[in-house]
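Undergrad: My questions are about this predicted structure, shown below with the sequence.
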Amino acid sequence: GAVVSQHPSRVICKSGTSVKIECRSLDFQATTMFWYRQFPKQSLMLMATSNEGSKATYEQGVEKDKFLINHASLTLSTLTVTSAHPEDSSFYICSARDRASSSYNEQFFGPGTRLTVL
Amino acid sequence: AQSVTQPDIHITVSEGASLELRCNYSYGATPYLFWYVQSPGQGLQLLLKYFSGDTLVQGIKGFEAEFKRSQSSFNLRKPSVHWSDAAEYFCAVGARQGAQKLVFGQGTRLTINP
């Protein structure tokens, strides 16, 4: 149980285009999903917290107009990188919390999406 | 604010040797503590977690970790490593209140010599 998927696993796009990344909880409902960014050989940096049916909460320094997050259902959150540039190239990882858990809601991580902007 | 320090960026051990990865945290109260493992190009897999109770926690793949409040540490150990343990290891701390966000350490890359 507690499987999180991401699609696509890898995407290459041209500079100036927009890219959408999907994060799905496959066997549980997630009221909260998190989006992380990971540069090569570095740690995960939280970008935003996404709550179903409400606006995402962005971490300091993350441009919300550039990284659009939508959490329209209890099993799907999307991250859209708008007008992507080479510096946006990174590994994007999502995680989700199971709303059925009565105690501390552990985060379950997706496999990540490798974005390369040419 | 929460913070996590993993002092060792890269560790190399021989197969069959014991392993200890260090993790120190900064938090105003007792946090939730986690160790994750990441293989190249993959997401994170939870090895173990500490919420409360027994300060020595057992995880998957033969790993264990000990919470030491006096030292603000949560070191990960394994008595005998296998070549398949080569990966990146992340320690993380989670707040007990609010959004319960995770803060990750910088990671320790583990290399196994045959």
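TA: Received the coordinates, thanks. Note that the coordinates shown come from a computational prediction; the quantities given were computed from them, not determined experimentally.
Undergrad: What's the first helix or strand after the helix or strand containing residue B:47?
TA: When elements are assigned from DSSP states H and E, residue B:47 belongs to strand B:44-50. Per DSSP H and E, the first helix or strand lying C-terminal to strand B:44-50 is strand B:56-58.
Undergrad: Name the residues of the next helix or strand after that following strand that are buried.
TA: Sequence order places strand B:64-68 as the next helix or strand after strand B:56-58, per DSSP H and E. Under the neighbour-count criterion of 16 or more other CB atoms under 10 Å in any protein chain shown, strand B:64-68 has B:64, B:65, B:66, B:67 buried. For glycine as for every other residue, the C-beta is placed from the backbone atoms N, C-alpha and C.
Undergrad: Enumerate the beta-bridge partners assigned to residue 109.
TA: This is for chain A. residue A:95 (DSSP bridges).
Undergrad: Chain B, not that one
TA: residue B:10, residue B:88.
Undergrad: Can you report how many residues neighbour it?
TA: When neighbours are defined as other CB atoms under 10 Å in any protein chain shown, residue B:109 has 15 of them.
Undergrad: check contacts around it.
TA: A:41, B:9, B:10, B:11, B:87, B:88, B:89 (CB atoms under 8 Å, 6 or more residues apart in numbering or on different chains).
Undergrad: Is it possible to get JSON lines of those that adds pLDDT?
TA: Formatted as JSON lines, the contacts of residue B:109 follow (pLDDT from 0 to 100):
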{"residue": "A:41", "pLDDT": "80"}
{"residue": "B:9", "pLDDT": "94"}
{"residue": "B:10", "pLDDT": "96"}
{"residue": "B:11", "pLDDT": "97"}
{"residue": "B:87", "pLDDT": "96"}
{"residue": "B:88", "pLDDT": "95"}
{"residue": "B:89", "pLDDT": "97"}
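Undergrad: between these, which has the most around it?
TA: residue B:89 leads those on contacts (other CB under 10 Å) with 23 neighbours.
Undergrad: these two touch, right, it and residue B:22?
TA: No: Residue B:89 sits out of contact with residue B:22 when judged by CB atoms under 8 Å, with a separation of 10.4 Å.
Undergrad: any shared contact partners between those two?
TA: Contacts common to residue B:89 and residue B:22, judged by CB under 8 Å, 6+ apart, are B:6, B:108.
Undergrad: how about the residues of chain A near chain B?
TA: Proximity of chain A to chain B is confined to A:4, A:6, A:32, A:34, A:41-46, A:49, A:57, A:91, A:93, A:95, A:97, A:103-107, A:109-112, A:114 under the rule CB under 8 Å from any CB of the partner chain.
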